[in-house]
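Undergrad: I would like to see how this sequence folds:
(one chain, ligands or ions: 3)
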Amino acid sequence: MPLVNTTEMFKKAYEGGYAIGAFNVNNMEIVQGITQACQALSSPVILQASAGARKYANGEYLTALVRAAVKINDIPIALHLDHGPNFETCKDCVDSGFTSVMIDGSSLPYEENIELAKKVVDYAHKYNVTVEAELGRLAGIEDDVNVSEENSSFTDPAQVEDFVKNTGIDSLAIAIGTSHGAYKFKPGQKPQLRFDILEEISKRLPNFPIVLHGASSVIPEYVEIINKYGGSMPDAIGIPEEMLRQAAKMAVCKINVDSDLRLALTALVRKHLAEKPSDFDPRGYLGAGRQAIQDIVEHKIKTVLGSEGKA
Ligand code: G3H
Ligand code: 13P
Ligand code: ZN
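TA: Ligands and ions are numbered 1, 2, ... in the order given. The predicted structure follows:
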């Protein structure tokens, strides 16, 4: 099966009340762990690369790794640009074989966000590449951007029809209380998502795919392993899985997960090295990390996404 864009995936996910996992990729073991999980459970998947990932690995390596995964497995795979910072990066990804891009103009004034997203849509659609844009602003940390809580804001449902109509985008990322990174809520704070906003948005945009960024659950077992084996991540808190499952049954068709993969990989590499202190073969500890990625992605498919058997 060749690389696909997100159109069919989202249509089926919307109708079927499940979501597609969009997992960040930075190296070979991560690509392998994710796709092995999806192949094992017959789930479609979005592999996404951020600007930081393309800088770290070199975009050529990432696209080659994803092409290898497409060849080896028999499931729908989309290659997506995560948080495209400008038109040039989106164009570069379209030109180099990505099948989907996000243009992140969420920090721009409304009209400029529209103008930029439309420019990307006009280019990407010529090549059958789907486009995601964001309205509202998530708190938290991405590679070069740290959005403080004061500068974050929920998506305003009153703007969504106008935004989608004037940009021509294929999916919309919204802010309803999720945030990037491993520290999403303060200790003692009750995790909450604004399902009322999601509901209102989906009423205004019937059959339109919604995207949730910052949707890691920061699974306590992995944080405990990190803390046990020399790490220090006190107070890491994520989005409860049952809330994400609920969102996946609603209009949310794409759930972005990076931090949970980072935590799983880091935890099992730390554990491996602590238990086998004389192992200096990267295939030993990176193999443990890859298995951790496969395990966490299988867990997500079963408990959060509901995409098992939907390939
Ligand atoms: O939302 C951002 C993703 O977690 C990617 O993070 O920019 O550090 O690659 P990154
Ligand atoms: P997390 O940090 O919650 O994994 O979010 C990842 C993300 O939104 C990637 O775009
Ligand atoms: Zn994100």
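Undergrad: Name all residues that make contact with the closest residue to P44 other than its chain neighbours.
TA: Once flanking residues are discounted, P44 sits nearest to P76: 4.1 Å by CB to CB, 6 or more residues apart in numbering. Using the backbone N, CA and C atoms, a C-beta is placed for each residue, glycine as well. P76 makes contact with M1, V4, E8, M9, P44, V45, A311, according to CB atoms under 8 Å, 6 or more residues apart in numbering.
Undergrad: hang on, L62 in a strand?
TA: No - L62: not assigned to a strand; according to DSSP: H, G, I helix; E, B strand; the rest coil it is helix.
Undergrad: Let me know how buried the one residue in the stretch 201-311 of the chain that gets nearest to ligand 1 is, in neighbour terms.
TA: Ligand 1 sits closest to D258 of the stretch 201-311 of the chain, with a gap of 3.4 Å, by CB to the nearest ligand atom. Other residues within reach of D258, judged by other CB atoms under 10 Å, total 25.
Undergrad: what do you get for D95?
TA: 11.
Undergrad: Over to P191?
TA: P191, neighbours per other CB under 10 Å, totals 14.
Undergrad: Give me the phi and psi for the residue of the stretch 201-311 of the chain closest to ligand 1.
TA: phi -130, psi -50 (degrees, to the nearest 10).
Undergrad: isn't it right up against F23?
TA: Yes - using CB atoms under 8 Å, D258 makes contact with F23 at a distance of 7.2 Å.
Undergrad: if you count residues, which helix in the protein comes out on top?
TA: Using DSSP state H, we find that the single longest helix of the chain is helix 282-300.
Undergrad: Contacts made by stretch 293-311 with the rest, please.
TA: Against stretch 293-311 from outside (CB under 8 Å, 6+ apart): 12-13, 16-21, 23, 29-30, 32-34, 36-38, 40-44, 74-76, 217, 219, 222, 241, 244-245, 248-249, 255, 257, 260-261, 264-265.
Undergrad: Apologies, that question was intended for stretch 227-239.
TA: Taking CB under 8 Å, 6+ apart as the rule, stretch 227-239 contacts 178, 182-187, 189, 191, 193, 214-219, 223, 226, 259-260, 263, 266-267, 270-271, 273-274.
Undergrad: Could you do stretch 36-44 as well?
TA: 9, 20-21, 45, 73-78, 293-295, 297-298, 301-302, 305, 307-311.
Undergrad: Quick one: end-to-end distance for it.
TA: 12 Å (CA to CA, to the nearest Å).
Undergrad: cool, and stretch 243-254?
TA: Stretch 243-254 end-to-end distance (CA to CA) = 14 Å.
Undergrad: Show me which positions of it end up buried.
TA: Within stretch 243-254, the residues that count as buried by 16 or more other CB atoms under 10 Å are M243, L244, R245, A247, A248, M250, A251, V252, C253, K254.
Undergrad: where's the closest residue in space to L193 that isn't next to it in sequence, which helix or strand?
TA: With sequence-adjacent residues excluded and distances taken as CB to CB, 6+ apart, L193 is closest to G177, at 4.4 Å. Assigned by DSSP states H and E, G177 belongs to no helix or strand.
Undergrad: My read is that G177 contacts Q192, right?
TA: Yes - under the criterion of CB under 8 Å, G177 makes contact with Q192 at 5.8 Å.
Undergrad: the more surrounded of the two?
TA: Between G177 and Q192, counted using other CB under 10 Å, G177 has the larger neighbour count: 21 against 12.
Undergrad: before we move on, the earlier item: tell me which of the contacts of P76 is nearest to ligand 1?
TA: V45 (16.1 Å).
Undergrad: quick one: contacts for the closest one?
TA: Neighbours of V45 in contact, by CB under 8 Å, 6+ apart: I20, G21, A22, F23, I34, T35, C38, I75, P76, I77, A78.
Undergrad: got it, and A173?
TA: M102, S106, E132, A133, E134, L135, I210, V211, L212, H213.
Undergrad: And it, how far from D74?
TA: Applying CB to CB, to the nearest Å, the value for A173 to D74 is 29 Å.
Undergrad: and what of P206?
TA: Distance from P206 to D74, by CB to CB: 33 Å.
Undergrad: before we move on, what about R54?
TA: Distance from R54 to D74, by CB to CB: 27 Å.
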